[in-house]
Each structure stands twice: as C-alpha cells, then as structure tokens.
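my questions concern the predicted model and sequence given below.
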Amino acid sequence: MKLKVFQKGFNYSQDGRGNRLIFHLQGCNMHCPWCSNPEGMAMNGVLMTDKEWLSDSCCPNGAVKDKILDRTVCKTCEDMPCTKRRRQKGLRLSYQEMEVDQIVKECVKSRPMFFDGGGVTLTGGEISMQFEAVKELLGKLKEQGIHCAIESNGSHPRMTELIPLVDEWIMDIKHYDDEKHKAWIGISNEQTIKTIREAAQKHGDVLLRIPLIPGFNDGPDDAEGFANLLGPIASRKNVRMELLIYHEFGKGKYEQCGMEYKMKPGRIKPETVKTMKEAFAKKGIEIVHT
C-alpha cells in the first residue's frame, strides 16, 4: 500500500518522546482556520508556489503570468505536467506517494537517530484519512521494534484499533462544546471524545492536547468547560495534559497554497493560560509541557 506524505523530518520531543522521525500524512477531515499545515488539508493535495522561482515557463498550459498562478486553469488540468514532466521549483504538488515498505526501510535505517526513547511519529493532516495504510505501516514498524507515536484528532470510528500498535498516543481536542466545534471546524467532536475516553482506558501512554485559540476557546467559561470534560480522564496516571498556544507560523503557506488565512489577528493572553492551568489543578491535574 501507499501513503501520501507531505512532509517528513526529525524533531525532538514535540511530536512524542525523544528524537523522532516525523511523517506528515496528507488529508484532513477537519478545517481548522488556524491550521499551520494548510497544504496537508486536501486529500488530493494542492499546488504550492514559490514566488522566487515562479515563472511563465513553470506551466506549459499558460497558468502562470507575471509570477501569478491562475488556479482556474489548474482545475481543468488532469495530468499536471508542471509537477510530473518538468523539473522546476516554482510549482510543486504538496505531497509525494511512498510505499509502506519504503517508509519502513527508511525508519529502520534511521534507528541510530532514535535517542532518548525516540522513534517514529505519524501526524498530519489527519492520519486516519489513510487508515488502512497507516495500520499496515504501524504493524510493520511494531515488528521491527521501533517506538511508534501517532498524533490524531480521534474522529475516525475505528481509531482505537490502532491501540495495540502504538506506543505513545497523542490527541488534540479543539473544543468541549459540540455546536461550537461544528461551527468552526466543520464536524462534531462526539467521536473524538469517545476515542479519548477509550484510549485513556486501554492505552498506557496518552497525551491530550488543547490548542488554545483566540476567539474560539479562550473565553471566561472555557477553562471550566474543558476541565469538567477532561478532568475525570486526565486524572488517570497514564494520561498527560498539554496546552498548545496559538501561533501564526504557518500563515505564509496559505498564500503558497492559494488559500485565504481567515483567522483574525489575536493572541492568547498569559492570564488565559493561567486560568486554564488553575481549572485543571482543581481537578488534581498538572499541565505538562513537551
């Protein structure tokens, strides 16, 4: 089987314990307006531009004029010669396809780099968009004795089938309120919460993350809402809690992808973080920082 991978590389501790080889998998079923990897949203990928190298010659169908890509021309282009037949830097498809066995081979070769309890992490996008291939990959990495971590939104109904194959289980929960979750992100949080509860019961190493987003979940009642939902879950010894603070590091990618960055300017105030930590502390839970 094949996997669509839009980014890969090493990272230390932020995507699982120790030094890890990270594979970002294409496709996501959520549409978070603050996403720092917009190129990973569409299952079929997106053409990304590099204005420094973008020229009329990048597209043989005339979609580029004066360093501007006319994406309406791209919609009627089936074979994308700009990415498949021409060597150039101005246009590229967001992902590459990799055979599962090819990825396993690369991971085995990288084993000396997995220090401090490191290994391989699958993240996204959303990994469950390529569920069967992910399951096959995790099984083969398990056979090789490689420590595996996943980062997921937990919205796939079969997600917990992966529990025996995963050493570190990392999940985001965007909002405790289902209606607000659907309004901002496009889908319900019901399955995510169900997956969180089951993973907390069955997995030995769970990290739950709340991305704090201005105007979305940083209001005066949100700390209490999250603490009430997650308190009984995060009180388990096998579960850790972390807060991810909003940033705009991926903002520039939106222009490269021909997308609009819809988040209004804003930041998470230190008082908001303090209030959130205090709400969880009342439940006997200390917020960690990876």
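Arrived safely, thanks for sending. Keep in mind that this is a model prediction, so the values were computed, not measured.

all strands for the stretch 1-150 of the chain, in order.
Assigned strands in the stretch 1-150 of the chain, in chain order: 2-12, 19-25, 47-49, 64-65, 68-69, 91-93, 96-99, 119-123, 148-152 (criterion: DSSP state E, counting those that start in this stretch).

Gly40 is nearest to which of these?
strand 2-12 (4.9 Å; C-beta to C-beta). For every residue, glycine as well, the C-beta is placed using N, CA and C.

okay, buried residues for that closest one please.
Within strand 2-12, the residues that count as buried by 16 or more other C-beta atoms under 10 Å are Leu3, Lys4, Val5, Phe6, Gln7.

then stretch 187-196?
Asn189, Thr192, Ile193, Thr195, Ile196.

with adjacent residues omitted, what lies nearest to Ala133?
Met1 (4.2 Å; C-beta to C-beta, 6 or more residues apart in numbering).

actually Lys4, sorry about that
Distance criterion C-beta to C-beta, 6+ apart; nearest residue to Lys4, sequence neighbours excluded, is Gln26 at 3.6 Å.

got the contact list for the spatially most central residue of the chain?
In the chain, the centroid-proximal residue (C-alpha atoms, centre = their mean) is Gly124; its distance is 3.5 Å. When contacts are counted by C-beta atoms under 8 Å, 6 or more residues apart in numbering, Gly124 touches His24, Leu25, Gln26, Gly27, Cys28, Asn37, Gly40, Glu151, Ser152.

report pLDDT for it.
On pLDDT, Gly124 comes in at 95.

same check on the one 10 residues further on?
If you check Val134, the pLDDT there is 98.

likewise Cys77?
For Cys77, the model assigns a pLDDT of 87.

give the buried residues for the lowest-mean-pLDDT helix or strand in the chain.
Of all the helices and strands that make up the chain, helix 81-84 has the lowest average by mean pLDDT, DSSP states H and E, namely a mean of 84. Using 16+ other C-beta under 10 Å as the burial criterion, the residues of helix 81-84 that qualify are Cys82, Thr83.
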